Every structure is written in structure tokens, then in C-alpha cells.
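Undergrad: Kindly generate the corresponding structure for this input.
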Amino acid sequence: MNGHCRAIYPTLERNTSNKLIYTAQTRQEMIWEKEDLKHSVMVLELKVPHGGSMDDLLPLLPVFLSYILSFVYVGIYWNNHHHMLHATHTVSASSLWANLHLLFWLSLIPFTTGWMGENHFAPTPTALYGVNLFMAALAYWILQMALMKGSHDNHLLRKAIGRDLKGKLSLFLYAAAIIIASYVPMLAQGIYVAVALMWLIPDRRIEHVLVEKTADPSDH
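TA: Sure, this is the predicted structure:
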């Protein structure tokens with residue numbers, strides 16, 4: 001947390017299945033949790049070199065490159081999480097747990113990033129970094145499914161996600177990279193970069209339904 005305490009008074013309603021659901025206020029609390037993560041998850045130490053020349057910075061290059069990749073990944077999750085919640089009308093209790101599950105795996109990124117960079121992209125740290133990315137992507141998919149199935153009010157999100165081929169492809173590529181990392185670590189790194197490039201632009205599907213949501217007040 002960033003030093004501020006927030007009182008939590010979730011608004012509860014019952015959906016058509018007679019299950020308790022959390023409405024817009026709790027959705028905003030999920031956004032606050034994401035904001036706290038944004039300020040804390042990438043606390044990665046870059047050790048200050050003792051020398052004063054450019055050559056003294058070279059040993060830090062692997063750490064710095066791994067930091068850039070992970071920072072991009074955290075930014076991707078932040079942007080898409082932001083879009084997904086704004087396409088969501090109600091949040092179920094299971095969605096709150098799924099959200100914490102996602103935050104857990106994202107909170108491990110500084111550790112796996114640092115270990116990979118400090119060991120110059122060695123096979124085992126590179127594979128573990130892939131496991132971290134795979135689990136974060138899986139946790140995001142679980143959160144997505146929990147939001148879509150938690151309430152009939154979230155029809156815009158279901159419409160936006162559709163078959164989610166890009167999400168499933170990402171999981172496949174992470175799994176492949178984890179195996180490849182044991183043999184060709186730099187190829188695995190290339191796969192991690194390729195997946196990041198796939199998601200660099202916030203999800204267009206959700207952007208489209210958000211435009212529809214703004215144009216049609218009945219969807220609110």
C-alpha cells in the first residue's frame with residue numbers, strides 16, 4: 001500500500017441467480033489495488049557501479065534489459081486490467097479472489113526479473129521467468145472468466161473477449177518458451193519479447209465495446 005488507508009464498504013446486490021454481487025464501488029476498489037501494485041511491483045534494485053566510466057555500466061546491462069522487459073509487461077497488465085474493469089458492470093466475490101491471485105503472480109516479477117538479469121539470462125532463471133509470466137497470464141484469464149461468469153450484467157465484457165484466441169496463444173507460447181529456455185535461453189527471451197509486442201497496444205476488442213457503451217446509455 002502507499003501509506004493511505006481506505007475504508008471498504010462494498011455495495012451488495014443479488015443477481016438473477018440470487019447470488020450476491022459487488023457493484024461499481026467494489027470494482028473501483030479493484031482498480032485501487034491495481035494502482036498500488038503499479039507503484040510497488042517493479043521495485044528492482046540496480047546496483048550503482050563503483051567506477052566512473054561507461055565500461056563500469058556494462059555488467060548492469062543484462063539486469064537493465066530484463067528490467068525493461070518486465071516493466072513493459074507490468075504496463076501491459078495495467079492497461080488491459082484497466083480496460084477490462086471499465087467494461088465490467090458488477091464484480092462477484094470470486095472475482096475479488098481471482099484479482100488477488102493475479103496480483104500475487106505479478107508481485108513475483110521483480111524477483112524473477114532480478115535473478116534472470118543477475119545471471120545473464122541463464123537457462124534456469126530464464127525458465128523460471130517464463131513460469132512467472134505463464135502463471136500471471138493464467139491468473140489474468142481466470143479473472144477474466146470470473147468476471148464474465150459472475151453476472152449477466154457483464155455482457156459487454158463477454159462480447160469483447162469472445163473466443164480470446166490471443167490470450168490462449170500467449171499461454172501456449174509461454175509454455176513453449178519455458179521448455180526452450182533449457183536449451184536455447186535467448187530464443188526463449190525472443191518469445192517473451194514477441195508476446196509482449198502482441199499485447200503492447202491495449203486490447204482493441206475492449207476499446208470497441210467501451211465506445212459502444214458510451215454511445216448507448218442502456219448498456220450502463
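Undergrad: ok, which stretches of the protein are strands?
TA: 12-14, 20-22, 91-92 (DSSP state E).
Undergrad: Would you list the strands that the last one pairs with, along with their directions?
TA: Sheet pairing of strand 91-92 (DSSP bridges) gives strand 20-22 (antiparallel).
Undergrad: Could I get the average pLDDT for the partner strand?
TA: Averaging pLDDT along strand 20-22 yields 41.
Undergrad: Stretch 201-217 now?
TA: For stretch 201-217, the per-residue pLDDT averages 61.
Undergrad: What of stretch 48-59?
TA: Per-residue scores along stretch 48-59 average to 79.
Undergrad: Ends of that stretch, what's the gap?
TA: One end of stretch 48-59 sits 11 Å from the other (C-alpha to C-alpha, to the nearest Å).
Undergrad: Any regions of this structure where pLDDT drops low?
TA: Scanning the chain for pLDDT under 70 picks out the ranges 1-46, 87, 89, 150-162, 202-220.
Undergrad: List the buried residues for the longest helix along it?
TA: In the chain, taking DSSP state H as the definition, the longest helix is helix 123-150. Under the neighbour-count criterion of 16 or more other C-beta atoms under 10 Å, helix 123-150 has 125-144, 146-148, 150 buried. Every residue, glycine included, has its C-beta placed from N, CA and C.
Undergrad: and what of stretch 180-193?
TA: Of all the residues in stretch 180-193, those buried under the rule 16+ other C-beta under 10 Å are 180-181, 185, 188-189, 191-192.
Undergrad: ok, residues contacting that stretch?
TA: Here stretch 180-193 makes contact (C-beta atoms under 8 Å, 6 or more residues apart in numbering) with 69, 121-124, 126-127, 129-130, 133, 173-174, 176-178.
Undergrad: Report the two of the residues you listed separated the most.
TA: In these, the most distant members under the criterion C-beta to C-beta are A122 and L173, with 20.7 Å between them.
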